[in-house]
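Visitor: here is my input; please provide its structure:
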Amino acid sequence: MARALDQNDGVSLTEEGRSLRATIEGVLSEEECQFLVEHLPPMVFVDAGGYESTSNKYNAPRRGYSGIGLEELSKRDSPILPSEADYERFLEFRERIRAKTEQALNLSSGTLRIDYTHVSQKTEGGTHRPHADNCFHYFRDTSGKSDTTSLVATFDTTKKHPYSNRIAASILYLNDSGYDGGEFYWASRSSEEGTPETIVPPREGRMTVFTSGIENLHGALPVRDGGESTDYPSRRLALAMWYVASDDPEEKIPEYGQSTEGETEEETDPNRTMLFKIPVESIKIGSLRLALGLFLVGKQNSPSKNSWKANQNNENTLHMIFGDQRAMISIALKPRAIIVSRHTDGINLPSLMYQLQESVLLHRVLTELETLAFGEESEGNRLVKFEKAAIEEARSTLPTR
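Guide: Sure, this is the predicted structure:
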């Protein structure tokens with residue numbers, strides 16, 4: 001990879017560098033692609049991204065883009081893969097794709113481990129801006145003058161990327177009908193607009209593979225309505241996989257039918273720090289969520305307007321996103337515990353102002369929980385019940401008020 005770029009102009013790929021990307025036909029057969037498409041109705045996909053300040057700016061919430069991973073595919077009670085045999089078949093596809101990626105990049109067998117598996121759904125308007133998978137970039141003027149013709153996309157060493165250990169990726173297209181557009185492209189490194197340099201139209205069973213660095217800026221053009229009368233909206237489906245080296249940890253494969261009840265997205269967030277956990281004896285999750293939600297809404301403008309943004313992520317988790325969007329608090333209400341965590345964007349440390357206000361807000365949350373648990377309500381009407389010492393134990397983890 002070090003010799004992939006022409007050092008004379010800082011822009012062009014050498015012939016060696018051009019071997020760091022490929023397009024392969026027929027990786028999955030028509031029948032195999034149709035098997036996956038038929039088991040992937042639109043309603044099983046969830047918005048890809050998370051809260052406004054994410055660990056990867058290219059995963060920020062955007063129109064027309066959603067996805068699912070192995071966790072959803074392994075659930076026995078989901079409408080996706082209804083039998084263990086179907087799930088095992090998917091895992092065989094996954095391994096076949098990994099091996100084909102190694103071959104296309106002229107790597108020895110076993111060089112790549114799978115870091116993450118993601119089935120993406122792009123509907124009308126779904127697009128991707130040009131980016132690299134393991135680094136952020138900026139455009140440097142190589143002429144020494146303000147001349148846009150001399151710009152070159154350059155690795156930004158000032159920003160830490162959350163997936164810097166990724167070395168390759170593959171994208172397998174599962175369908176090519178029912179929509180227009182959605183073409184994959186490798187972008188020009190000499191155009192700040194990310195002008196497509198090589199365009200690859202989606203085709204059933206076709207796969208693009210490429211290394212993850214600045215040499216392979218890539219994106220996707222917007223999906224357009226295909227104008228066909230179908231049961232589903234216009235959508236482009238693709239199976240994307242990212243790879244790390246053989247000595248890096250690989251993606252955990254969930255057992256089929258393994259229970260994920262109560263597990264939240266926040267608990268699997270790699271940029272999460274649990275602040276405290278309050279064991280509960282009893283809890284009315286819906287009613288407590290409503291009461292705490294109203295309480296948090298009332299704290300959005302403290303200490304100043306728009307300091308926080310309250311948000312309900314799912315039926316048992318509340319968020320308070322700080323104004324600079326570099327960090328947030330999550331409050332997960334579970335049958336046996338209330339879990340409070342901090343989440344960062346994976347790039348920047350929380351600001352000093354956030355750190356000061358986090359403590360203030362959480363002391364107030366603990367006071368509110370104490371009121372709800374030990375206030376004037378009769379015993380049977382309490383929204384939550386826990387040992388009084390649990391509040392003081394939680395406070396001890398926070399700076400003094």
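Visitor: quick one: the helices in the stretch 251-400 of the chain, in order.
Guide: Along the stretch 251-400 of the chain, the segments classed as helices by DSSP state H, counting those that start in this stretch run 285-297, 352-374, 388-395.
Visitor: need the residues that contact the first one.
Guide: By that I understand helix 285-297. 308, 310, 312, 315-316, 318, 320, 331, 333-335, 365, 368-369, 372, 383-384 (Cβ atoms under 8 Å, 6 or more residues apart in numbering). Using the backbone N, CA and C atoms, a C-beta is placed for each residue, glycine as well.
Visitor: rerun that using 6 Å as the cut-off
Guide: Residues outside helix 285-297 that contact it (Cβ atoms under 6 Å, 6 or more residues apart in numbering): 310, 312, 316, 318, 320, 333, 368, 383, 384.
Visitor: of the residues you listed, which belong to strands?
Guide: 310, 312, 318, 320, 333, 384 (DSSP state E).
Visitor: quick one: buried residues of stretch 317-335?
Guide: 317-323, 326-334 (16 or more other Cβ atoms under 10 Å).
Visitor: which of those lies closest to residue 21?
Guide: Of all the buried residues of stretch 317-335, residue 21 sits closest to residue 326, with 33.7 Å by Cβ to Cβ.
Visitor: and for that closest one, nearest residue in space, chain neighbours not counted?
Guide: residue 348 (4.8 Å; Cβ to Cβ, 6 or more residues apart in numbering).
Visitor: do residue 138 as well
Guide: Using Cβ to Cβ, 6+ apart, the nearest residue to residue 138 is residue 156, at 5.0 Å.
Visitor: just the pLDDT for the residue nearest to residue 141 when sequence neighbours are not counted.
Guide: Among residues not flanking residue 141 along the chain, residue 150 sits closest, at 5.6 Å (Cβ to Cβ, 6+ apart). The model reports residue 150 with a pLDDT of 71.
Visitor: cool, and residue 363?
Guide: 95.
Visitor: what number of residues lie near it?
Guide: 16 (other Cβ atoms under 10 Å).
Visitor: same deal with residue 158?
Guide: 6.
Visitor: how much space separates it from residue 214?
Guide: 14 Å (Cβ to Cβ, to the nearest Å).
Visitor: over to residue 372?
Guide: As for residue 372, its distance to residue 214 is 52 Å (criterion: Cβ to Cβ).
Visitor: now do residue 195
Guide: 16 Å.
Visitor: so which of the two has more stuff around it?
Guide: Taking other Cβ under 10 Å, residue 195 and residue 214 do not tie; residue 214 has more neighbours (21 against 12).
Visitor: what sits against the more buried one?
Guide: So residue 214 contacts 132, 137, 155 (Cβ under 6 Å, 6+ apart).
Visitor: excluding its backbone neighbours, what's nearest the second one?
Guide: In this case it means residue 137. Nearest to residue 137 is residue 153, by Cβ to Cβ, 6+ apart, at 4.7 Å.
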